[in-house]
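Undergrad: Here's my sequence, what's the structure:
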Amino acid sequence: MTRRRIGILHPGEMGISVAAAAQKGGHTVCWASDGRGAETKERAKKFSILDLKTIDELCKQCSVLISVCPPHAAEDLASQVIAASFKGIFVDANAIAPQRLIRIGESMTSAGMRFVDGGIIGLPAWKPGSTWLYLSGPDAEEVADCFSEGPLETEVLGAEIGKASALKMCYAAYTKGTAALLCGILGTAESLGVREDLFNQWKREDEKFLDDSISRVRFVTSKAWRWSGEMDEISRTFSEAGMPGEFHAAAAEIYRRLAQFKGTPGTPTLEEVLAALLQGAPENV
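TA: Next up, the predicted model:
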């Protein structure tokens, strides 16, 4: 197996686990610290990710770049890489609609890069069998080889750009979409004064469902700031596939109401979550 110099854009909670998985395979992993926050810098230092300072330098020294960023930043990051005249393999592993991914890929291949579509399903990849990186595109097998030592699992879906992102969107439409639905249900029940009555009915049917639902609503707050953009992408995916996208557009708005919890210590109470959901909602009449 060829040892590579791999660049990660940017090592957030998921990105750092991808970087660590590549390191396990004997690859040198790099990043660019310019403009990044203290938390990201500390995370990269902890895992000995080589700091090349700028994206320009990252593009000069790395043969593979992997983009793992919030959905709204995907195109801007790709544009920076194009401007730096990168000529290696670029892996877009962001949670974006396949139609948007294809457009990004076309611009990058036109600039002389090899482009691979990636979709990550699961939590940050710290143990085998928990996180999958789905890949599609003519050079997908070459990227999969970078993670042959685990714990990040890889699966190649073929040579067609867009397949990996489509799978990611369809999977997250249920897992993250249903969490938003629960938030909306509880916010509505609270607003209409029937929350405890709803809880009593759920207890009659399945008490574990009630406990699990409350936990999901409380713990989703730490990711809501990022998932709102992902819901927008899923809405776009559905619409462009000929399906109604309004459900996930509403899910995006629910997560935007919870984005205020980003970076706050601890997990908010259910009452705090409900207050955030109802903030700015019309008063009952």
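
Undergrad: Val217: how many residues sit nearby?
TA: Neighbour count for Val217, taken as other Cβ atoms under 10 Å: 23. In this view, the C-beta of every residue, glycine as well, is placed from N, C-alpha and C.

Undergrad: name the element it belongs to?
TA: Element membership for Val217, per DSSP states H and E: helix 195-219.

Undergrad: What residues of that helix count as buried?
TA: The neighbour-count check on helix 195-219 (16 or more other Cβ atoms under 10 Å) flags Arg195, Leu198, Phe199, Trp202, Leu210, Ser213, Ile214, Val217, Arg218 as buried.

Undergrad: Distance of the fourth one relative to Leu278?
TA: Translated: Trp202. When Cβ to Cβ, to the nearest Å is applied, the distance between Trp202 and Leu278 equals 20 Å.

Undergrad: Same check on the fifth one?
TA: Here the distance between Leu210 and Leu278 works out to 20 Å (Cβ to Cβ).

Undergrad: now do the second one
TA: When distances are taken as Cβ to Cβ, Leu198 and Leu278 turn out to be 15 Å apart.

Undergrad: shaky segments in the stretch 1-150 of the chain?
TA: 1 (pLDDT under 70).

Undergrad: If you drop the residues flanking it in sequence, what lies closest to Ala78?
TA: Nearest residue to Ala78 in three dimensions, chain neighbours excluded: Ile104, at 5.0 Å (Cβ to Cβ, 6 or more residues apart in numbering).

Undergrad: how about that neighbour, what does it touch?
TA: Ile104 is in contact with Ala74, Glu75, Ala78, Asp92, Ile96, Phe115, counting by Cβ atoms under 8 Å, 6 or more residues apart in numbering.

Undergrad: Burial check on the last one, number of neighbours?
TA: In other words, Phe115. There are 23 residues near Phe115, going by other Cβ under 10 Å.

Undergrad: Just the element for it, please.
TA: Using DSSP H and E, Phe115 falls within strand 114-122.

Undergrad: Now that strand - C-alpha only, CSV.
TA: Coordinates of the C-alpha atoms in strand 114-122 are reproduced here as CSV (Å, rounded to 0.1, in the frame of the first residue of the first chain):
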residue,chain,number,x,y,z
ARG,A,114,-9.7,13.7,-9.5
PHE,A,115,-12.9,13.9,-7.6
VAL,A,116,-14.5,11.3,-5.3
ASP,A,117,-17.9,11.5,-3.7
GLY,A,118,-18.1,10.5,0.0
GLY,A,119,-20.8,10.1,2.5
ILE,A,120,-20.1,9.4,6.2
ILE,A,121,-22.8,7.5,8.2
GLY,A,122,-22.3,7.0,12.0
